[in-house]
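Colleague: got a predicted model here, sequence first, then my questions.
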Amino acid sequence: MVANANLKALSDLGVSIWLDDLSRSRIKSGRFDELIRDYELVGATSNPTIFANALAKEPEYDQQVDELAKAGTSTDHAVRTITNDDVRDAADLFREVHQRTGGKDGRVSLEVDPRLAYDTDKTVAEAIDLWKAVDRPNLMVKIPATLAGLPAITKVIGEGISVNVTL
């Protein structure tokens, strides 16, 4: 297949092919495994919009959403639980890539709550909480490069957490 050959050629040249999308249906269906195996995929990013679209459209979330609602979980906590679960599962799928590349690739990113973009301390606290909750060495925590985000990025990296700097 031409697409596979083109992606292989890019990969052979040192290009890391990442997917700016993450969803439970792609993970559970085996499509993520296929993209890693056959299309040179070595990483994935996520963001609140990506998860909002997945939650709105995919029935794979319905059972967990119902369980969290019945437990009286707040919306923010429910969203964080769901996204942490998906990122953890995706990170597991990339584990071999991460090991094979010595940590250069095989990563999945998860964004701190964008509402914290102008609060250094809260951004640092959330980044650490995400790192602990996902509990995967190939997680990258996305932090916005705002004036408050810049010192947060430094502090989080100082904690040994991989950071993906975002807008």
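Modeller: Right, received. Where do you want to start?

Colleague: tell me where the model's unsure across the protein.
Modeller: The model of the chain has pLDDT under 70 over residues 1-3.

Colleague: where's the residue nearest to the spatial centre of it relative to Gln64, distance?
Modeller: The centroid of the chain falls nearest to Ser109 when counting by Cα atoms, centre = their mean (3.1 Å). Note on Ser109: its distance to Gln64, by Cβ to Cβ, to the nearest Å, is 21 Å. For every residue, glycine as well, the C-beta is placed using N, CA and C.

Colleague: repeat for Thr45
Modeller: Shown here: Thr45 relative to Gln64, a distance of 22 Å by Cβ to Cβ.

Colleague: these two: who's more crowded?
Modeller: Counted by other Cβ atoms under 10 Å, Thr45 and Gln64 do not tie: Thr45 has more neighbours, with 19 against 15.

Colleague: from Asp119, how far out is the more buried one?
Modeller: The gap separating Thr45 from Asp119 is 23 Å, by Cβ to Cβ.

Colleague: can you give me the strands for this structure?
Modeller: Remark: strands assigned in the chain by DSSP state E are 17-19, 41-44, 107-111, 139-144, 163-166.

Colleague: let's have these in TSV, adding distance to Thr73.
Modeller: Shown next, in TSV, are the strands of the chain (distance: least, Cβ to Cβ, whole Å):
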stretch	distance to Thr73
strand 17-19	29
strand 41-44	26
strand 107-111	19
strand 139-144	22
strand 163-166	27
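
Colleague: closest to His77 out of those?
Modeller: Shortest distance between His77 and the strands of the chain, using Cβ to Cβ, is found for strand 107-111: 15.2 Å.

Colleague: who does the closest one pair up with?
Modeller: strand 41-44 (parallel), strand 139-144 (parallel) (DSSP bridges).

Colleague: out of those strands, which comes closest to Ser29?
Modeller: That would be strand 41-44 among these, by Cβ to Cβ, at 14.5 Å.

Colleague: show residues contacting the closest one.
Modeller: 11, 16-22, 32, 35-36, 90, 94, 97, 101, 105-109 (Cβ atoms under 8 Å, 6 or more residues apart in numbering).

Colleague: looking at those, which are in helices?
Modeller: Within the contacts of strand 41-44, residues falling in helices by DSSP state H are 11, 32, 35-36, 90, 97.

Colleague: ok, back up a step: okay if I get the strands paired with strand 107-111 as a markdown table plus mean neighbour count and distance to Val124?
Modeller: Shown next, in a markdown table, are these (neighbours: other Cβ atoms under 10 Å; distance: least, Cβ to Cβ, whole Å):
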| stretch | mean neighbour count | distance to Val124 |
| --- | --- | --- |
| strand 41-44 | 24 | 24 |
| strand 139-144 | 23 | 9 |
